[in-house]
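Peer 1: Return a 3D structure for these sequence lines:
(chains A, B and C, ligands or ions: 1)
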Amino acid sequence: MLKILDFFEYAKSESLWMAHFCTGCCSLEMAAAMGPRYDWERYGYMPTPTPRQADILMITGLVSKKILPALLRTYAQMGEPKYVVALGACSFDGGPYNDSLSVIKNPTEILPADVFIAGCPPKPEAIIEGLEQVKAKIKAGIPSAASQGGLWKEMEF
Amino acid sequence: MIDAFISGFLFPGVLYALVWTVGLFWFFRKFMAPLHKRVGPYYNGPHGSYQTLFDLSKLWTKESITPTGVNPYLFSTMPLIAVIVAMLPNVVIPWTNNGPLLNTPYGLLILVVLVGIEPFLLFLIGFGSDNKYSFLGAIRVLTQAISFETAFFLSALAPALLFSTLNLSKIVESVSFVSFLILLPSLILYFISLLGLLEQPPFNIPDAEQEVVYGFMTEYSGTGYFMLQLAKFVEFMAVFAGAGTLFMGAYRGIFFDSYLWFFIKMVSIAVIMITIRAATPRITMEQMLHFSWRYLVPLSLLNLAWVMFAKAMIFTGV
Amino acid sequence: MEGDGVLMDYIKNTISDIPTEYIEDYKQNWLKCKLKDSKDILTITEKLKKLGLRSISTISPTDFPNENKIEMNYFFEDLQNRKNCWVKCDIPREFDKCKIDSITPIMPSANWHEREAYSMFGVDFINHPDLRPIIVSQDYYGKAPYRADFDWRAHEANQLNNLKAIVDDFKSDESKNEKILDPLGSDTMLNWGPTHPASGPIRLKVHCDGEKVISVDPEIGYVWRALEDLVTRKDFIGAIVAVERLCFMDNINSMTGYCMAVEEIAGVEITPFAKWMRVLLGECARVSSHFMGLGNFFNTMGLHTLMLWNMDVREYFLDVLESYSGARIATAAIEPGGVRYPLDISIFKELQAAIDKFDSVIGDIEAIFVKNPTMKLRASKVGIISKNEAIDFALSGPVARASGVKTDIRLDEPYAAYNEVKMDYITAQNGSAADRFRVIFEELKQSVDIIRQAKQKIEEGVASGEFDPQKDHMVKVPKKLPAGEAISRVEWARGEVLMHLVTTEKAKSPYRLKMRAPSFNHTMMLNRLLADKTLSDIPLVFGSMYICQGDLDR
Ligand code: SF4
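Peer 2: You can find the predicted model right below:
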């Protein structure tokens, strides 16, 4: 019995599907990671059209104020277990837009991310490596960061 | 008892359906990838062959969300019904030379009817999801099913007409090279209506991602979605097997008769289907209706006339 | 057509009976004038329209709190005949007096530009048909965030409240659409985006009856980064970071535009080598953008193959950019004074590899996708823009050319080294979605041809010692610029980018930078193109308009 459960746990970590959601320019490199040269499907990643079937929400770079409620809604629509991956400098501290009056500087304080991928934009290799880290995290049985806390729980969206 | 167990759970029952789903899903992705100049699943298992197993297992164990505002019982049982209905044709299809599980004189009728009601279940699934995109997708499923089923039935009827029987095993036994040639137009028509019925490009209108998100499947997650995927792939199997049985002599092959031949025939249909998928954009609803009612249905009727003519003139020997 | 062949002098004479402070020639094809009285804006608009200047490129207010005025800049263009006019006028700053007549009734292309000025600067346009805020998030409604004295840090201090304003607005919208709009019939409001697989961060509020679209109301601003405001806090070199993020698909050309404006104010002339490098890099970026655009077009019809094939080739061009600048996408490779890095001529090997790769696949792409009968069936009857419409709505780039408008800033107002490049307008006649696709495809080939020319030119120049790739790439531009004002136009992958730069005396950072980006006008067209069509046409038309949300929202 344990073996079977282990198998399902393993399957969960090896099959990560992404919600289609672009908030910033990093999504260009995400597209490149899907493309022929980097082809993340080799590792089993796949985009899926609706958040309902997704395991991973990518914060692709900047999060503007206007899109934040939509981002949180998308996250809420996903089924457990779900993880958040933050791409680029923007999702860490606003990056180049740190001074901008419309970009949220602390998106991951609101929706904590499991893995940060550095770069502006991160290279496709880096994105794949970051996703591999999510796999490792799931294999180690660590619960997702967003389920542990974050402002999103208190917010209305 | 053992027999019933074997046929119910192993072949051609649940396990067979599961293995087929996992395998075809993998094959779709792996075959599609080179057409896209990619590699496809690679790292999990030999040539990524475990990938879809993982995917489907994950879906199975993932949280199923029931949105508020839907009837929870219907919402979660409909996919199961869809799977069962999709799996039922398996009993009448002569998989091996032992004949089908249920050798009835009305095999073809059962096959066609069971394949034909599947879209209506999908319609109900979308209709019951309480989501605008699901609803649009559901309406599209219905529209498309109505327009393609006519052609599908008519072309599936051709072999019955030619061999004067509805019994699938009899049809398989009567298939010869001459009959294959006579039925070639029917096969082509069958294939086209199969694309429509299975919602494959260029007729993937009901689950057009860019238009209606995921059509009737938009609200399904976890187990429900797994069921729907299973139903979809099993439906593929039933329709492919139908083509194999009706036109290509199912398990019969060169040198020896075996399930292997049947498998090869089904996969070759899948290959053509995927190749079309990789090279054809989707058409719109009006164009689909236009195509179906102006060309496909009249052609299927003409085809029936041709089959009757051939039966009278060429095929009198049988 | 009326106004054809009218000379600049004639325009000058015609508008000279309106009281102006000055009328002067500016650059090659421009006339610059300042109205004494802002009430005359309607008169001059009508006159200019009669003279053939039928498009308004953008409207750019500049805020001068010390002089207590807002200076309005109108850029009138004649897309085909190389005649443009820059009209200025002053209006008072106080919110209740900050009013000017709307020119939208005369020139429909001003519609959203006026809305933008209204939301960013609080300029009230009298008689505007639909003066709602645009781009800004709900918490900035009525606050004029781009005014020089707006304290955004104080505003941002209360982040949660601001977010609440956005959520409240969304919810009231939702309840309105769900409950009040035709509760018994089949009319409904679909939110096409921002989480939709084909939309990207834009929300089209699609009012539809079943499959039939009644109207489309684009709601934009989901990637609003306030770039125009952001640059005022960076120095002249730092600003290129913001400028290139206009849209990453083609970042080089937008930087070129900005740098040209800075160079004009600084009075610096760059070297021929740098000019050719700008052409070369710019065309590489254009190729990479066009590849994505073409792929996207087919994506909207559910076929991803072209996108992936294109990305395969695009990677090679990105390699060139990466070898040159160190970054695949965020290159920051153009700087005021030239190009940022010296050229290591060995990257031309990579460029050659990219060109070879391009040559090896372009035939297949043409045979399978450009001539695809299903695509033609679907796309040649939807999204039709007539030539007149294209001019009236100030469309530009491939979209305008597909409607038969001969406009290409590389030819009309050559910048960098484009005056030495051999090229021609690529146009189509019908202006349908399929035509736009074809024009973009042909331009792709043209761009590669230009890359070849530039490569050859640079190679020859280096071989003959005319160019020194180690030193010629930059000329010094002072850190502090004099007070001035300049505009520059470049042909960006998606159309015309107009940069309007204002500096103050001894400035270290731009005082005001207005970026006019093409997608703004193209999105404005969506309602016209989609009303009475079906849901299936939305992604197709949207994809064919070659819209990038980045430059739509800025
Ligand atoms: S990190 Fe860089 S590439 Fe990513 S969204 Fe931010 S600015 Fe764009």
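
Peer 1: From here on, just use CA atoms for contacts and neighbour counts.
Peer 2: Will do.

Peer 1: The stretch 1-150 of chain C: strands as residue ranges?
Peer 2: All strands of the stretch 1-150 of chain C, identified by DSSP state E, counting those that start in this stretch, fall at C:20-26, C:30-35, C:55-64, C:69-78, C:83-92, C:99-101, C:124-126.

Peer 1: Burial-wise, tell me which of those strands comes out on top.
Peer 2: Per residue and on average, the most neighbours among these fall to strand C:55-64, with a mean of 25 (mean count of other Cα atoms under 10 Å in any protein chain shown).

Peer 1: could you check the angle strand C:83-92 makes with it?
Peer 2: 30 degrees (axes from the mean of the first three to the mean of the last three Cα atoms, to 10 degrees).

Peer 1: packing partners for strand C:55-64?
Peer 2: The contact analysis (3 or more Cα pairs under 8 Å, 6 or more residues apart in numbering or on different chains; DSSP states H and E) places strand C:55-64 against strand C:69-78, helix C:111-121, strand C:512-516.

Peer 1: one more time with 6 Å, if that's ok
Peer 2: Packing partners of strand C:55-64 (3 or more Cα pairs under 6 Å, 6 or more residues apart in numbering or on different chains; DSSP states H and E): strand C:69-78.

Peer 1: now the strand it packs on against strand C:30-35, angle please.
Peer 2: 140 degrees.

Peer 1: Which residues does strand C:69-78 contact?
Peer 2: Here strand C:69-78 makes contact (Cα atoms under 6 Å, 6 or more residues apart in numbering or on different chains) with C:53, C:55-64, C:84-93.

Peer 1: And the average pLDDT for it is what?
Peer 2: Strand C:69-78 carries an average pLDDT of 86.

Peer 1: Pairing partners for it, with directions?
Peer 2: Applying DSSP bridges, strand C:69-78 is found paired with strand C:55-64 (antiparallel), strand C:83-92 (antiparallel).

Peer 1: Give me the contacts around the last one.
Peer 2: Read it as strand C:83-92. Contact partners of strand C:83-92, identified using Cα under 6 Å, 6+ apart, comprise C:29-35, C:38, C:69-78, C:98.

Peer 1: How about the first one?
Peer 2: With Cα under 6 Å, 6+ apart as the test, strand C:55-64 has contacts from C:70-77, C:109, C:113, C:391-392, C:394.

Peer 1: contacting residues around the residue nearest the centre of chain C?
Peer 2: In chain C, the residue lying closest to the centroid (Cα atoms, centre = their mean) is C:Ala517, at 1.8 Å. The contact partners of C:Ala517, by Cα under 6 Å, 6+ apart, come to C:Val497, C:Asp551.

Peer 1: Just the local confidence number for it, please.
Peer 2: 84.

Peer 1: Could you check how far it is from the ligand?
Peer 2: Distance of C:Ala517 to the ligand, given as Cα to the nearest ligand atom, to the nearest Å: 18 Å.

Peer 1: swap in C:Tyr141?
Peer 2: Distance, C:Tyr141 to the ligand, by Cα to the nearest ligand atom: 25 Å.

Peer 1: One more: B:Leu122?
Peer 2: Distance from B:Leu122 to the ligand, by Cα to the nearest ligand atom: 39 Å.

Peer 1: same deal with C:Ala154?
Peer 2: 24 Å.

Peer 1: so where's chain A uncertain?
Peer 2: Applying pLDDT under 70 to chain A picks out residues A:1-2.

Peer 1: Of all the residues in the longest helix anywhere in chain A, which ones are buried?
Peer 2: Criterion DSSP state H: the longest helix present in chain A is helix A:124-139. Within helix A:124-139, the residues scored as buried using 16 or more other Cα atoms under 10 Å in any protein chain shown are A:124-128, A:130-135, A:137-139.

Peer 1: Please give the number of neighbouring residues around C:Lys187.
Peer 2: Careful, residue C:187 is Asp; it's not Lys. 19 (other Cα atoms under 10 Å in any protein chain shown).

Peer 1: In a markdown table: the strands of the stretch 1-150 of chain C, plus distance to C:Arg314.
Peer 2: Below are those laid out as a markdown table (distance: least, Cα to Cα, whole Å):
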| stretch | distance to C:Arg314 |
| --- | --- |
| strand C:20-26 | 39 |
| strand C:30-35 | 37 |
| strand C:55-64 | 31 |
| strand C:69-78 | 34 |
| strand C:83-92 | 36 |
| strand C:99-101 | 47 |
| strand C:124-126 | 44 |
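
Peer 1: Which one, of these, ends up nearest to the ligand?
Peer 2: strand C:55-64 (24.9 Å; Cα to the nearest ligand atom).

Peer 1: related to what we said a few turns ago, so which of the strands of the stretch 1-150 of chain C is nearest C:Phe358?
Peer 2: Nearest to C:Phe358, of all those, is strand C:55-64, at 34.3 Å by Cα to Cα.

Peer 1: Let me know the angle separating that closest one from helix C:111-121.
Peer 2: Going by the same axes, to 10 degrees, strand C:55-64 makes 10 degrees with helix C:111-121.

Peer 1: Need the CA coordinates for strand C:55-64. CSV is fine.
Peer 2: Extracted C-alpha coordinates of strand C:55-64, given in CSV (Å, rounded to 0.1, in the frame of the first residue of the first chain):
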residue,chain,number,x,y,z
SER,C,55,-4.0,60.9,-38.8
ILE,C,56,-3.1,62.0,-35.4
SER,C,57,-0.1,60.1,-34.2
THR,C,58,-0.5,61.0,-30.5
ILE,C,59,-1.3,63.7,-28.1
SER,C,60,1.3,64.4,-25.5
PRO,C,61,0.7,66.8,-22.6
THR,C,62,3.7,68.1,-20.8
ASP,C,63,3.2,69.5,-17.3
PHE,C,64,5.0,72.7,-16.3
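
Peer 1: Pull the distance from that strand to the chain's centre.
Peer 2: What separates the centre of strand C:55-64 from the centre of its chain is 14 Å, taken as Cα atoms, centre = their mean, to the nearest Å.

Peer 1: Give me the average confidence score over it.
Peer 2: Mean pLDDT, strand C:55-64: 87.

Peer 1: what's the answer for stretch B:238-245, then?
Peer 2: Averaging pLDDT along stretch B:238-245 gives 87.

Peer 1: Buried residues in it, which are they?
Peer 2: Within stretch B:238-245, the residues that qualify as buried are B:Ala238, B:Val239, B:Phe240, B:Ala241, B:Gly242, B:Ala243, B:Gly244, B:Thr245, counting by 16+ other Cα under 10 Å.
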